[in-house]
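Asker: need coordinates for the below:
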Amino acid sequence: MKELRIIAISCLAVVIQWGFIQELPMSRFGNPYIYLWVFLVLPFNTSKFSNYLYAFILGSIIDGLEQSGGAHTVASLAMVLAKPYVENVLYGFKDGKSDEGLIHLPLPNFITQTTVLVLLHHTILYFMENSGVNHISELVLRTLVSTALTILLLSIGHLLFSRKYAA
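Answerer: So this is what the prediction gives:
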């Protein structure tokens, strides 16, 4: 049942990303990537293999749609790899049996952790898309604008879908 929910969230994230967000006029300065929501709602007790599999499949789908040559896949895998370490550094040890994800965190904690993970993801993504640091100012601008827009959308999603804030 948990896997079906994650697959449904993944499909919805891809549809929202490509149906609404991808063609925003800000694409030159960076895009918000709402598909990262999938990695944030994964329960803490999800196996490492499953985390990597979800990141690989979803990153590959976005790469195929965007023709970015694997940049989304690598950035997604790095984000999923860093997620447990970031959680432990920011909030201490999490119960490995917990079926909660970041969606159960209070908004300030959610924003803090999301900022670290999204900044990591976007830095890797745009570094790979730029083929290095040839245009460092453009790389930094795209990374920061995309990170801010992504965090804004993910925080709105957190407020809308978190059980803690639900009416």
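Asker: for the rest of this, base every contact and every neighbour count on C-alpha atoms.
Answerer: Will do.
Asker: residue 48 and residue 42: what is the separation?
Answerer: 11 Å (C-alpha to C-alpha, to the nearest Å).
Asker: more neighbours: those two, which one.
Answerer: More crowded of residue 48 and residue 42, by other C-alpha atoms under 10 Å: residue 42, with 23 against 13.
Asker: the more buried one contacts residue 6, doesn't it?
Answerer: Yes: with contact defined as C-alpha atoms under 8 Å, residue 42 reaches residue 6; the gap is 7.4 Å.
Asker: okay, the spatially most central residue of the chain: pLDDT?
Answerer: Nearest to the centroid of the C-alpha atoms of the chain, with distances taken as C-alpha atoms, centre = their mean, sits residue 36, at 2.3 Å. The per-residue pLDDT reported for residue 36 equals 90.
Asker: so residue 121 makes contact with residue 73?
Answerer: No: applying C-alpha under 8 Å, one finds residue 121 not in contact with residue 73, separated by 10.0 Å.
Asker: of the two, who's got more company?
Answerer: A count of neighbours by other C-alpha under 10 Å puts residue 121 above the other of residue 121 and residue 73, at 27 against 23.
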